[in-house]
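pasting the sequence and the predicted coordinates here, then a few questions.
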Amino acid sequence: MSFYLEVVHVDAGSGARYGILHTPHGDVETPMFMPVGTLATVKTLSPEEVKACGAGVILANTYHLHYRPGEDIVEKAGGLHEFMNYDGPMLTDSGGFQVFSLSSKRKLTEEGVRFKNDFNGSEELLTPEKAIEIEEKLGADIIMSLDECIPYPADYDYVKDSTERTIRWAKRGLDAHKRKDQALFGIVQGGAYKDLREYCAKELASLPFDGYSIGGTSIGEPKEVCFQMIEDGIRYLPKDKPRYLMGVGSLDYLLEGAFRGVDMFDCVLPTRLARHGTLMTSLGRVNIQDSKYKEDFTPLDPNCDCYTCRHYTKAYLRHLHMANEEFGKRLNSIHNIRFLIKTMEGARRAIKEDRFTEYKNEVLSRYGDKRGF
């Protein structure tokens, strides 16, 4: 069996669990943070630099790669791993989130979603079968079913209809899935309604998916609502399969998600913040353009072991940012990615030692406002 989650230990005081995810491109420990390489690249970084940060899985974006350069070109190159020269595990989303959030003039039907392609203005149709076809050509180790990303807030009847459609689409995606070297995940929807989250999770859990994603969160709802959404679905998912909370990258969401039993997280947040001069550190948020760092010749984070913190000072990082140098964006991105990955390494140690709750509270307290970023 080339893909499976080995749950090694569950924390005594929470639902947090330490595991090893076995994939065709290597084994990775969970819980973990996955850097996002939207267009088959983590912005400003080489694959070697991403691996040096301790990354296991890298996520790439189906919607964007479908249009640039196209899945047929990626397939001819030998798949994403060969195309971008990354030998570790990879994951692709279904493209559905981008269709619903970026594309104009979209129309949802039982067949799929019709939308206007923002790249060239053409009319397109994305179906569950088409999403699987594209993802199979891209060739990532883990692929996602097509779902509707339900807006927040939304009324009960709308969410119920959408959730039922997502389940039907999930079944169609399973039928279309042919590659046995790729793991297919179902996506739990249901909005902020407890019974719909339960219903969706139970229905998907009855189907032979290789893992499960928790969707429709971190889209504007209060933090407490997000955490409740996770709880309302995750308790009904199989304990022996990976659970993936999509699109979150702040400290509080990562640690609170892991507390509830989530294994995988991804977000563009660390690299996006880095390019704008905002840095995550163990002592709190640093805005590197602040004038107080002009003559600060100390490392960015005394508790960090990343390349940036081992070789450069805050004064130099500020200089690069103020001069709009690409090297500064690169150094900032290395640090932010390493910071989140290192935080999850600490989480794994804490789980194995049955002290995850203490670790979570300690990290968030040290950070200051407990909001993350």
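Arrived safely.

a helix runs through Lys107, doesn't it?
No. Per DSSP: H, G, I helix; E, B strand; the rest coil, Lys107 lies outside any helix segment and is strand.

which of the helices or strands spans the residue nearest to it when sequence neighbours are not counted?
Spatial nearest neighbour of Lys107, chain neighbours left out: Arg114 (4.6 Å); criterion: Cβ to Cβ, 6 or more residues apart in numbering. For every residue, glycine as well, the C-beta is placed using N, CA and C. Element membership for Arg114, per DSSP states H and E: strand 113-116.

before we move on, what about Phe97?
Applying DSSP H and E, one finds Phe97 within helix 96-102.

distance between that helix and the chain's centre?
Put simply, helix 96-102 sits 15 Å off its chain's centre (Cα atoms, centre = their mean, to the nearest Å).

what of stretch 332-352?
14 Å.

report the mean confidence score over it.
Here stretch 332-352 scores 98 as its mean pLDDT.

burial of Asp210, as a residue count?
18 (other Cβ atoms under 10 Å).

hmm, Asp240 and it touching each other?
No. Contact criterion Cβ atoms under 8 Å: Asp210 and Asp240 do not qualify, at 10.9 Å.

now do the shared contacts for these two.
Tyr4 (Cβ atoms under 8 Å, 6 or more residues apart in numbering).

how near is the closest residue to Gln289 other than its chain neighbours to Cys53?
Excluding the flanking residues, the one nearest Gln289 by Cβ to Cβ, 6+ apart is Gly277, at 4.9 Å. In this view, Gly277 and Cys53 are 19 Å apart by Cβ to Cβ, to the nearest Å.

please say which of those two ends up with more neighbours.
For Gly277 versus Cys53, neighbours defined as other Cβ under 10 Å are more numerous around Cys53 (23 against 19).

that one: what's it in contact with?
So Cys53 contacts Pro35, Cys306, Ile334, Ile337, Arg338, Ile341 (Cβ under 8 Å, 6+ apart).

how about Pro242?
Taking Cβ under 8 Å, 6+ apart as the test, what Pro242 contacts is Leu5, Gly19, Leu21, Thr30, Phe185, Asp210, Gly211, Tyr212, Asp263, Met264.

and the third one, bridged to which residues?
When assigned by DSSP bridges, Leu21 has beta-bridge partners Leu5, Val28.

how close does it sit to Val363?
Leu21 is 23 Å from Val363, by Cβ to Cβ.

okay, these two: which has more neighbours?
The neighbour comparison of Leu21 against Val363 (other Cβ under 10 Å) goes to Leu21, with 24 against 19.

per-residue pLDDT of the more buried one, please?
At Leu21, the pLDDT value in this model is 98.

ok, it touching Val28?
Yes. Using Cβ under 8 Å, Leu21 is in contact with Val28, at 5.1 Å.

return every residue with contacts to both of the two.
What both Leu21 and Val28 touch, as defined by Cβ under 8 Å, 6+ apart, is the set Gly56, Val57, Pro89.

how many residues are close by the residue nearest to Arg17 when sequence neighbours are not counted?
What sits nearest to Arg17 in space, not counting adjacent residues and going by Cβ to Cβ, 6+ apart, is Val10, at 4.6 Å. If you count neighbours by other Cβ under 10 Å, Val10 ends up with 17.

do the same with Glu82
14.

for it, which three-state class applies?
Applying three-state DSSP: Glu82 is helix.

give me the pLDDT value at it.
For Glu82, the predicted pLDDT is 98.

gap between it and His25?
For Glu82 relative to His25 (Cβ to Cβ), the value is 11 Å.

what sits in contact with each of those two?
What both Glu82 and His25 touch, as defined by Cβ under 8 Å, 6+ apart, is an empty set.

list the buried residues of the lengthiest helix in the chain.
In the chain, assigned by DSSP state H, the helix with the most residues is helix 326-352. In terms of neighbour count (16 or more other Cβ atoms under 10 Å), helix 326-352 has its buried residues at 328-348, 350-351.

likewise for stretch 126-138?
Leu126, Thr127, Pro128, Glu129, Lys130, Ala131, Ile132, Ile134, Glu135, Glu136, Lys137, Leu138.

doesn't Gly112 make contact with the fifth one?
Yes. If you go by Cβ under 8 Å, Lys130 and Gly112 touch, sitting 7.0 Å apart.
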